[in-house]
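Enquirer: Quick one: sequence and predicted model below, then my questions.
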Amino acid sequence: MKVVLDHLGECRSVYAAAQAIGSKVGVGPQMLRKWVIQAQLDAQHSPRVATTEQQRIKQLERKNRDLKESDEALLRFSSRGNSTSSLLICSFIDQMRAPN
């Protein structure tokens, strides 16, 4: 990938550089282009989100979704007129919000 990155200035696109280098190293130009783009993302040379940040975002979205589901379940339960103590509900919410 470093060779392709070094040739980017000489070529009109990442794909053109990948075509030129890929045939010499036995890698398809499309696969090499994807690797170069991912390397650029991970090195933050691109406006897209890096792989580690994507994983963290997915993790936070999953946790957010779980918390929303818990809140909805508690609201449904309490709206039925169940006599569950507020302390028990608050304790449950605090446990769900605590970092793992």
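Expert: Noted; the coordinates are in hand. Numbers count the residues shown, from 1 in each chain.
Enquirer: The lengthiest helix in the chain: which residues count as buried?
Expert: Identified as the longest helix of the chain according to DSSP state H is helix 51-79. Using 16 or more other C-beta atoms under 10 Å as the test for burial, helix 51-79 gives residue 74. The C-beta positions use only the backbone N, C-alpha and C, and glycine is treated the same way.
Enquirer: any idea of the mean pLDDT for it?
Expert: On average, the pLDDT along helix 51-79 is 85.
Enquirer: For the most centrally placed residue in the chain, list the residues it contacts.
Expert: Nearest to the mean C-alpha position of the chain, by C-alpha atoms, centre = their mean, lies residue 54 at 1.6 Å. Residue 54 sits next to no residue when contact means C-beta atoms under 8 Å, 6 or more residues apart in numbering.
Enquirer: and it, how far is that from residue 6?
Expert: With distances defined as C-beta to C-beta, to the nearest Å, the gap from residue 54 to residue 6 amounts to 27 Å.
Enquirer: what distance separates the following helix or strand past the longest helix of the chain from the centre of its chain?
Expert: Toward the C-terminus, helix 51-79 is succeeded by helix 86-97 as the next helix or strand (DSSP states H and E). The offset between the C-alpha centroid of helix 86-97 and the centroid of the whole chain comes to 29 Å, using C-alpha atoms, centre = their mean, to the nearest Å.
Enquirer: Residue numbering should commence at 43 henceforth.
Expert: Shifting the count to begin at 43 puts that one at helix 128-139.
Enquirer: got a list of contacts for helix 128-139?
Expert: Contact partners of helix 128-139, identified using C-beta under 8 Å, 6+ apart, comprise 108, 109, 112, 113, 116, 120.
Enquirer: Once you drop chain neighbours, what's closest to the third one?
Expert: Spatial nearest neighbour of residue 112, chain neighbours left out: residue 138 (5.0 Å); criterion: C-beta to C-beta, 6 or more residues apart in numbering.
Enquirer: cool, the second one as well?
Expert: Once its chain neighbours are removed from consideration, residue 109 has its nearest residue in residue 138; the separation is 5.8 Å (C-beta to C-beta, 6+ apart).
Enquirer: do the first one as well
Expert: Take residue 108 and drop its neighbours on the chain: the residue closest to it by C-beta to C-beta, 6+ apart is residue 138, 7.2 Å away.
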